[in-house]
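S.K.: could you look at this predicted model? Sequence included:
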Amino acid sequence: MDRLNSDVWGVMLNFLDYGDLSRLAQTHLFAATAYKEWKEVLPASAGELCSRLASDQRVDANYYLRVDSNSGPQPFLAFVTASKVQSQDTDTEDFDPTGSTWTLCGSKSNRGGAGSGYHWMPSARVKFLEDASAEVTPYPGADAMLFTDCTWDFSLGRGLRLHGSEHRTKVFEFDDKNLLRMLAPDGSSALFLEEGAASAANEAPGAYLNVREASNFSTLASGGTVHGDTIKTTFSKVRVLLPSLEILCSDWSYATPTGTSYIVGSNGSTRTDYTCSLYGFAQGSCGPDAHACVDLRGTPFAVATTWGPTGCSAQSYHRIAAGGQTVAVAGTGGQGAAAPVHPETGKPQYPCLGDGVAKMLWTQGSEGKDFVVKLCFVEDAPAKDTSDGYTYGDVRGVFEPLNIAYNPVRN
């Protein structure tokens with residue numbers, strides 16, 4: 001048997017009910033037959049795996065799953081968060097903000113954008129606690145609409161009331177039943193979901209590929225209308241959607257982000273706050289180049305897509321190499337990016353957003369579709385070594401230390 005077969009032999013015996021093993025072992029076709037049967041009965045998703053496991057066996061660990069290739073079902077090793085339990089759909093009728101953190105905006109500004117429009121400015125961070133109190137932390141230097149000794153109540157699934165000291169009360173309502181933001185009816189203030197209990201809706205077991213953290217990263221470059229730090233996010237595991245075989249770019253369960261920034265867009269009328277960057281995207285706004293790197297070496301997969309420019313005056317370069325397993329990406333624009341092409345739309349995916357916190361907004365996808373990178377098995381890779389766009393900036397120092405091919409090739 002080859003290395004894969006020998007590695008999984010013990011797992012095969014656990015999944016298959018062979019009956020009389022001694023009878024099967026008498027034929028020289030035993031290994032090939034058993035391996036074929038084992039592949040066919042492997043679970044095709046994290047959810048199917050968990051449905052086969054007893055509750056006390058559902059631990060986060062590496063498991064073999066099955067996905068179809070051009071040559072039939074193939075096994076691959078995935079880290080599965082089997083301990084997670086599927087929750088019910090969350091609606092505003094039963095939504096509970098307890099434990100979630102929101103950005104409170106109490107003023108607007110027309111500075112920092114490419115136009116003269118006014119956008120929200122954060123005043124404080126609000127965390128809703130279990131005893132119906134709220135922890136309010138003002139932003140440094142902000143003209144905060146400050147609530148001290150704050151309590152809250154959630155009424156009729158449509159809105160929230162903040163009660164502060166000095167008999168101050170503020171009412172917020174969901175914007176079109178959007179759980180990610182609530183607005184004051186008088187337009188004077190807003191709450192944007194940042195993280196916490198509300199973002200854990202519909203959390204289910206997931207399958208992840210173990211990847212090389214140093215060479216799986218994305219950046220959002222500071223400069224232009226990106227204010228703050230250059231954000232870099234590295235990934236040690238990436239979530240894979242099954243059976244479509246796509247990396248979900250908006251999953252940061254095993255990511256390490258550094259830096260915070262915000263983009264003022266739409267002629268100055270919107271503000272998006274960033275604490276991380278999308279996997280596989282090189283994003284900027286009227287500033288310097290951003291970079292991203294995809295490295296699937298050590299997995300049986302390659303990319304089955306390409307990259308392109310998206311946004312206003314966007315610029316994009318990418319180099320696919322190592323049999324389709326590595327991608328070096330560079331890009332920028334006026335709220336633009338070098339972005340992976342979506343497998344359904346055939347267009348580069350636009351990552352720029354409206355008012356709110358990017359980490360939450362990205363989970364809603366774009367045009368109703370998740371941000372993804374399409375994969376295939378290495379032997380099925382459509383592009384073994386290609387590049388597109390122009391080389392700009394000094395990408396050598398970004399990709400060469402990681403042994404990632406970055407120079408253009410003649411196609």
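M.R.: Nice, I can see it.

S.K.: quick check on Ser215: phi, psi?
M.R.: Torsion angles at Ser215 (phi, psi; degrees, to the nearest 10) stand at phi -110, psi 20.

S.K.: ok, now how distant is it from Ala314?
M.R.: 24 Å (Cβ to Cβ, to the nearest Å). In this view, the C-beta of every residue, glycine as well, is placed from N, C-alpha and C.

S.K.: and Asn70, by the same measure?
M.R.: Counting by Cβ to Cβ, the gap from Asn70 to Ala314 is 33 Å.

S.K.: who has more neighbours, those two?
M.R.: Taking neighbours as other Cβ atoms under 10 Å, Asn70 and Ala314 compare with Ala314 leading, 21 against 9.

S.K.: now that one, what are its backbone angles?
M.R.: Main-chain torsions, Ala314, degrees, to the nearest 10: phi -70, psi 150.

S.K.: quick check: end-to-end length of stretch 259-278?
M.R.: End-to-end distance for stretch 259-278: 14 Å, by Cα to Cα, to the nearest Å.

S.K.: ugh, typo on my part, it should be stretch 372-388
M.R.: First-to-last residue span, stretch 372-388, Cα to Cα: 20 Å.

S.K.: can you list the buried residues in that stretch?
M.R.: Applying a neighbour-count criterion of 16 or more other Cβ atoms under 10 Å, the buried positions in stretch 372-388 are Val372, Val373, Lys374, Leu375, Cys376, Phe377, Val378, Ala381, Ala383, Thr386, Ser387, Asp388.

S.K.: ok, now stretch 175-184?
M.R.: Judged by neighbour count (16+ other Cβ under 10 Å), stretch 175-184 contains these buried residues: Asp175, Leu179, Leu180, Arg181, Met182, Leu183, Ala184.

S.K.: and the host helix or strand of the fifth one, how far out from the chain's middle?
M.R.: Secondary structure assignment for Met182, by DSSP states H and E: strand 178-183. Strand 178-183 has its average C-alpha position 20 Å from the chain's average C-alpha position, going by Cα atoms, centre = their mean, to the nearest Å.

S.K.: does anything pack onto it? Which helices or strands?
M.R.: Strand 178-183 sits against strand 169-175, strand 190-195, strand 356-357, with contacts defined as 3 or more Cβ pairs under 8 Å, 6 or more residues apart in numbering; DSSP states H and E.

S.K.: helix or strand right after the last one?
M.R.: Read it as strand 356-357. For strand 356-357, the following helix or strand on the C-terminal side (DSSP H and E) is helix 358-362.

S.K.: thought Val303 was touching Val373?
M.R.: Yes - here Val303 reaches Val373: they are 6.2 Å apart, a contact under Cβ atoms under 8 Å.

S.K.: returning to what we had before: just the helices and strands packed on strand 178-183: most buried one?
M.R.: Of all the helices and strands packed on strand 178-183, strand 356-357 has the most neighbours on average by mean count of other Cβ atoms under 10 Å, namely a mean of 24.

S.K.: what lines up beside it in the sheet?
M.R.: In its sheet, strand 356-357 lies beside strand 270-274 (parallel), with partners assigned from DSSP bridges.

S.K.: give me the contact list for the partner strand.
M.R.: With Cβ atoms under 8 Å, 6 or more residues apart in numbering as the test, strand 270-274 has contacts from 103, 117, 119-122, 192, 194, 220, 228, 231, 260-265, 352-359, 361.

S.K.: is it fair to say Gly106 lies in a strand?
M.R.: Yes - counting by DSSP: H, G, I helix; E, B strand; the rest coil, Gly106 is located in a strand.

S.K.: got a pLDDT number for it?
M.R.: In this model, Gly106 is scored at 85, pLDDT.

S.K.: and it, how close does it get to Ala134?
M.R.: To Ala134, Gly106 is 15 Å away according to Cβ to Cβ.

S.K.: likewise Gly47?
M.R.: Distance of Gly47 to Ala134, given as Cβ to Cβ: 36 Å.

S.K.: more neighbours: which of those two?
M.R.: Taking other Cβ under 10 Å, Gly47 and Ala134 do not tie; Ala134 has more neighbours (22 against 16).

S.K.: need the nearest residue in space to the more buried one, chain neighbours excluded.
M.R.: Among residues not flanking Ala134 along the chain, Cys150 sits closest, at 4.1 Å (Cβ to Cβ, 6 or more residues apart in numbering).

S.K.: same question for Trp252.
M.R.: Closest to Trp252 by Cβ to Cβ, 6+ apart is Cys276, at 5.5 Å.

S.K.: which helix or strand contains that neighbour?
M.R.: In the assignment (DSSP H and E), Cys276 maps to no helix and no strand.

S.K.: I figured it hits Thr258, correct?
M.R.: No - between Cys276 and Thr258 there is no contact under Cβ under 8 Å: 9.1 Å.

S.K.: name the residues contacting each of the two.
M.R.: Shared contacts of Cys276 and Thr258 (Cβ under 8 Å, 6+ apart): Ile231, Thr233.

S.K.: have a look at the two and say which one is more surrounded.
M.R.: Between Cys276 and Thr258, counted using other Cβ under 10 Å, the more crowded position is Cys276 (21 against 14).

S.K.: lowest average confidence, helix or strand, in this structure?
M.R.: In the chain, no helix or strand scores lower on mean pLDDT, DSSP states H and E than helix 21-25, which sits at a mean of 40.

S.K.: next secondary structure element downstream of that one?
M.R.: helix 30-41.

S.K.: which helices and strands does that next one pack with?
M.R.: Short answer (3+ Cβ pairs under 8 Å, 6+ apart): helix 30-41 packs on helix 3-15, helix 21-25, strand 72-80.
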